[in-house]
Every structure is written in C-alpha cells, then in structure tokens.
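What follows is a protein structure lacking sequence information:
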C-alpha cells in the first residue's frame, strides 16, 4: 500500500508513502470519491510542485515529520539532542507501512481505519512510529512515538527531546483562523485572525490547559460560520502544557500543528526507551463549525464512559460554601428532592479542619467536629430522600497548613522552606500548593485516602477539582501521574462517576474526557456569561458532559441579576443542575424549578443524544441554538437576546437541522415564566399561538399540541418565523415536532 487512501463520512486522506522518504499527506479534506490505484498514483504524481527560484534543487514536499534535512524551514516535526553532542540533524527514512490494525481499548471501534508507519534515522539512532486512525464519523487521530535506539552506556545514550509534533497541511484558501482565550468565569472566548506569512502560536504553561486555552485551532475559508464554510480543525488530547499553531510559509505551504510543550531537559528518552505524543484529533467539515460537532459528538459518544441518563445535580457550593451542618444540608437535600433533583453533591468544607480555603487540603479525613458520626447521617438522609450522593475532592493539591504538608514537605512541588530559610518561598495560589503526584509515596497516599472514602461511604460521584496552575515541577510527569491516579480509582471503584473541574473550565480536553463523566464548564452560573461559554465549549464536547447549574438570581461571580426564566433556559441545554440555596426560594420559584426538572427529564434523550445546531446570526446580540433528534422527529430551540438588538425588528428565526420535506409543529415552551419582551404587539403567529398578545403557550399547551403553527422543514430552515422582541438577557424556547 504505497499510496494509502482512507475515507469515511464525507472526508478522506491520501498519503504518498512511495520510496524511502517520510510520507507526504497529499490530501486531507473532502471525500475524493472511489479512486483506484492508478488514479491515486496520478494524484500523487501531479501533487509534486515546481521548483522555485533560489530554493533547494528538488521539489519541496511537506511530510508528516518535516525537518531541515528535507528543506523545511518552518517549525520542525521533531527536534532534540544528545548531551555533549549538540542538536541532531534528524533525517528519517521510511521502513514500512502497515494498515488495517485496530486501535486498542475503548478506541477499538468497528469501522476504524488505521495506518502505522515506521521511520528510522540510523545515524541519529532514532526511530519514529506514526499512527493514523480515521473513524467512521470522519475523525482523524494521529500520534508519534520516538524510540532511542542507542545501545551505548545509559548516561551517554539519552536523547533529550525538544519537540515532537503532529503537523497537517491545509489548503491556501483556509486563510481565516479561529481559536480561543478566556479568564476565570469567562472561558472559551473566540478570537479570529487572518493567517499571513509566519506563525500564529498558542502555548499553555499552566500545568493544565488553562482558562485561556486555545482549545481548538480552526483554519477555514474566509467568513466561515456555524453552518457554512470549509474548516480544518485540530485539538490536542492532553491535559498538561501544550502548544497549537497555524503556519503559513512563504515557501507555499500552510499547516496546523500541535504537540506537548516540553520544558528544556524535561523529557529525556533513555536507551531502549520511547515516548509517545498525546493524540492530535483532526476534523474536516464543509458545513462550518456545526459540521465539526456533527463528527466529534457521535465519535465521542462511541467511546464515552457515560452509560446512564445525566442526573439532575444539587451542588452545595454556592448554597452554603464552607458552612456545613447536618440540619441545614438535610433541609437542602429535602428541598432538592421535592423539586425532582437526583444527585446531592457535598462540596468543599467536609474534611478535617477545613473552614476556609487556606488550610487542610491533603487531610482527606471527614471532619470529626462538624461530622462526629462521619458522613453517614447525611448520606442516609440523602438516600432516604431518593437521591444519590457525591463528594468534592481536590487530590492534586495541598495546603501548607495541613498535617500532610507538615509530615511530608518533600511531597510538595517546589519544596517547603524551613522557617529560618532565606530563599523566596514558592508561590501559593488560592493559598495552596501542588502535590507531587509523580512521587510514589504521595501518589499512594492520595489513592489510599480516596479508596478509603469510596469504600466506607456509598459515594456515587466525585467532583474532582484542580484550583491552581502548577508553576513548578515537570508538567509532563504530573499530568501522566494524574491520568494514572484517575485510572486507578476507576479500576478500583468502577461504579463511581467523576466530574472534572479546574476552577471551572480550565481543564476541558479530550485527554481528561476519556476518564470522566462530566466537566464543569465554568465557575460562573451567570446565564449571560454561560451562553457564550456553553456555545463554544459545545463545538467539541457533547452537551451531556457540560455541567450547567441554575444559580441564585444575583450571580455570585458577576453580581448581575437575571430572571428565573433566563437562568432555567440556559441551564437546560447540558448536564443540568442547581447551585442555589433552595431553602430560601419562594414557593412559586420552587414550583417553576420542579416543572423545569420535569421537562428536563422528559427532554434528556433529545438534549443528550441529538444533533447540536447553531444558527449564524446577522446580529450578534441575538443567537439561536438547539438540538435536533437524530431521526429529525423533534427538536428544541432557544432564541436568546444577549444584548439590545441592532434593529427594531430583527431577522426571522431560522431553525437549522430539520428535514426539508417533513412538516413540523412549532410551539413556544414556557419555563419559569414568560420571557420579557419590548413590543407593542407580538408577531402575528406568536399571538395566534398564545391566544393573547401577552401570554405564550404554556408547557401543557405545548405538550397537548394546542396553539401551534405547522410548516415544512425547508420553510422553517430557509424562511423561518418572526421572533418575539425579547428584552436583553432573555430567552424564548420553542418545541418543534414532526407531524407526518
């Protein structure tokens, strides 16, 4: 197979692996159809470019691992050196190509096409194995493994790896870039740029991806949106330091690249040993960002750990913070159970001496003062109310004011200076330090404590937090140890579910997603902030993973006050929960929350297994998003006013993702009261549905089919319906159901 050809779900990859040079990706993008061997040979032959003036004297072709030895003057695919011998001029040669081998573990999925390439550099005494996989959904995964083949004395044989990255070509028409940045409680802010000559590079040195994580590196045709344009996208499935970039060389090539970001000397590959890069996940779409989601979401679901409907969570953090006592928490659990909550999560503050965020991390024993009988009375009460029980932990961190740190200062990354020491102490962050999980004893201690808790108590769920950057030690070692720890906990307690939280959304990536059942999307419960955070986080991550909570009327992170209907509509689209002291809620509010939970449970199959769709608005103040069932029988949409609209009468709501030839009934769905509008009269169709100019259809009306308009899917998608004139920070929900 000298010219491998992988095809799936409207995308394809052609690899020229003829000869002994490093193979070249001839094409990655749209499906090229049924090409036979002669056609593939012609395609590869005609892909060889001209030789430009004042350049190398052979055609320059971009390989899977480009280096200076091949004439590539951009970022190299691999770099490193041997101590005392300087940088290596790595010049790899193809040894063999194998196809058809199934990937291992949960990724051993039917229909996955695979290629394995073996490359060697005899002079440098290195080999590289490159693995490529194309899933049935059209998702491409790639990684490299470098092996040190030096057999001399270990001290002289080490290969100090500088970088080993996946680099993929994109066509010249992919000139517009999209990646992301952000802050705590303001994650996943999109930023666009035009790719000129040079490199647009994003690097993370947080020891976790960070709130400003680049997240996705998307290159596309100018003006691409959610529903239109060609896009090529990469994501590194790694929870530590990393880099992602786009490069446009004056030599005539554009690429996307990604890899682990290694500090100098961080990773030495000893003689006979190897290092594998994290997987790079790459996706092509000719239907904009929603086209990426339409590949990524079903692929993730094909290997997901999630096996049961996502329960409605009641988390205690913003309800009580550190003020834990059995009577209050029992009342809170009862209020949640009455509303229909299914899981009660006890957040920070339950362990020995934990009265604020300045002490006790690492001392993972139930506090004997607050809980003289342990957590048993609370858990028994929670279970009697019909809920399962979850617990907050932060196993990767340690407080200097803790028994663990006092007994084992060598377990703290960056060290703990003696009181009389003159050196500057390492930086604290939220008054805490990082536990060195790479230390075998520290690892064993944390695993033992987690296992003890999960053995003594019927804990169904761990909220696994990570509230600071590392700023010390080896990020590679720490991240690898974290993965081992989570894997060990899950192996010992296969029934427990885990949520990944990193002071909100600072560690959301496909490396951590392999090991958890939920991610905490952001520490903010402000629905206005959440709209954009959830919108863009959901390009990669399916909604059933995205934890979103109903918070108090006045958001604790922003001080902004929002109406209940807006908060309910925002928290509905994901793994829904509550983070609000329901004891203080009014009877009317509790009734509306109960109704919201009832509809969430009814809609779960749609919300968590449907196709996520997002319209491209002409006015950024107004966004429309939804979920359409895979059989296109039903859908739920939200029209959201983020701010004051640009026009007095905005454009029509157009509902994407419906079957053009089918007829659908559209009805407003009220949850938490009517959305506030600024209009003399509503649109004629909306008024007809309502029966009045002020009162839209109730949930009962929508469920029974009363008050509805029926139109063809093509009409709803291409023409749409006039929108109610929502006031800023309001959302209107619409149930859409096929009638034929």
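Structure received. Every value quoted in this text rests on a predicted model; they were computed, and no experiment measured them.

When you work out contacts or count neighbours from here on, use the C-alpha atoms and nothing else.
Will do.

Residue 524: how many residues sit nearby?
When neighbours are defined as other CA atoms under 10 Å, residue 524 has 25 of them.

Quick one: residues contacting it.
Applying CA atoms under 8 Å, 6 or more residues apart in numbering to residue 524 gives the contacts 185-186, 504, 530, 555-558.

Can you flag the buried ones in those residues?
In terms of neighbour count (16 or more other CA atoms under 10 Å), the buried residues within the contacts of residue 524 are 185-186, 504, 530, 555.

which residue sits closest to residue 712, ignoring its sequence neighbours?
residue 663 (4.2 Å; CA to CA, 6 or more residues apart in numbering).

number of nearby residues for the one you found?
21.

for it, what are its contacts?
710-713, 738-740.

Most neighbours of all the residues you listed, which one?
residue 713 (24 neighbours).

Give me the distance between that one and residue 255.
39 Å (CA to CA, to the nearest Å).

ok so, going back, what's the closest of the contacts of residue 663 to residue 486?
Nearest to residue 486 among those, counting by CA to CA, is residue 738 at 43.5 Å.

wait, that closest one sits on residue 667?
No. Contact criterion CA atoms under 8 Å: residue 738 and residue 667 do not qualify, at 11.7 Å.

Strands along the stretch 151-300 of the chain, start to end?
Secondary structure of the stretch 151-300 of the chain (DSSP state E, counting those that start in this stretch): strands at 159-164, 166-170, 176-183, 186-194, 198-204, 217-220, 231-236, 242-248, 254-260, 268-269, 274-276, 280-285.

and which of the contacts of residue 524 is nearest to residue 33?
For the contacts of residue 524, the nearest to residue 33 is residue 530 (41.4 Å; CA to CA).

How much space separates residue 387 from residue 327?
17 Å.

can you check residue 120 too?
Distance from residue 120 to residue 327, by CA to CA: 67 Å.

Looking at those two, which is more packed in?
residue 120 (22 against 10).

in what helix or strand does the closest residue to that one other than its chain neighbours lie?
Closest residue in space to residue 120, ignoring its immediate chain neighbours: residue 127 at 4.2 Å, by CA to CA, 6+ apart. In this structure, residue 127 sits in strand 126-134 according to DSSP states H and E.

what's across from residue 313 in the sheet?
Applying DSSP bridges to residue 313 yields these beta-bridge partners: residue 343, residue 577.

my bad, should have said residue 435
With DSSP bridges as the rule, residue 435 is bridged to residue 412.

cool, residue 199 as well?
residue 247.

shouldn't it be in contact with residue 248?
Yes. Using CA under 8 Å, residue 199 makes contact with residue 248 at a distance of 6.6 Å.

of the two, who's got more company?
Set side by side, residue 199 and residue 248 show more neighbours around residue 248, with 21 against 17, by other CA under 10 Å.

show me what contacts the more buried one?
195-199, 254-255.

Just the buried residues out of the residues you listed, in PyMOL syntax.
Selection command for PyMOL covering only the buried members of the contacts of residue 248, criterion 16+ other CA under 10 Å:
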select buried, resi 195+199+254+255
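
now, which of the contacts of residue 248 sits nearest residue 242?
Using CA to CA, those come closest to residue 242 at residue 199, 15.7 Å.

Quick check, pLDDT for the closest one.
On pLDDT, residue 199 comes in at 98.

Likewise for the one 3 residues further on?
The model reports residue 202 with a pLDDT of 98.

Check the burial of it by counting its neighbours.
Count around residue 202 with other CA under 10 Å applied: 19.

May I ask you to confirm that it is in contact with residue 246?
No. Using CA under 8 Å, residue 202 is not in contact with residue 246, being 9.1 Å away.

Tell me how far the strand holding residue 127 lies from the chain's centre.
25 Å (CA atoms, centre = their mean, to the nearest Å).

That one - contacts with which helices or strands?
strand 5-8, strand 113-121, strand 139-148 (3 or more CA pairs under 8 Å, 6 or more residues apart in numbering; DSSP states H and E).

on that earlier part again, what residues are recorded as beta-bridge partners of the residue nearest to residue 120?
residue 120, residue 147.

switch to numbering from 89
In the new numbering, first residue 89, that becomes residue 215.

quick one, what contacts it?
Counting by CA under 8 Å, 6+ apart, residue 215 has contacts 180, 206-209, 234-237.

From residue 259, how far off is the residue nearest to residue 372 when sequence neighbours are not counted?
Leaving aside its sequence neighbours, residue 372 sits nearest to residue 320 (CA to CA, 6+ apart; 4.6 Å). Distance, residue 320 to residue 259, by CA to CA: 9 Å.

Low-confidence ranges, the stretch 239-388 of the chain, go.
241-244 (pLDDT under 70).

mind running it again at 90?
239-246 (pLDDT under 90).

now do the chain
89, 171-177, 188-198, 238-246, 502-514, 774-796, 828.

switch the cut-off to 80
Counting by pLDDT under 80, the ranges of the chain that qualify are 89, 172-175, 189-194, 196, 239-245, 505-513, 775-795.

can you point me to the longest helix in it?
Ranked by residue count and defined by DSSP state H, the top helix of the chain is helix 675-697.

Against which helices or strands is the helix or strand just after it packed?
As assigned by DSSP H and E, the chain's next helix or strand after helix 675-697 is strand 699-702. Using 3+ CA pairs under 8 Å, 6+ apart, the elements in contact with strand 699-702 are helix 376-391, strand 710-716.

rerun at 6 Å
Using 3 or more CA pairs under 6 Å, 6 or more residues apart in numbering; DSSP states H and E, the elements in contact with strand 699-702 are strand 710-716.

what lines up beside the strand it packs on in the sheet?
strand 699-702 (antiparallel), strand 722-729 (antiparallel).

which ones are touching residue 699?
Residues in contact with residue 699, defined by CA atoms under 6 Å, 6 or more residues apart in numbering, are 715-716.
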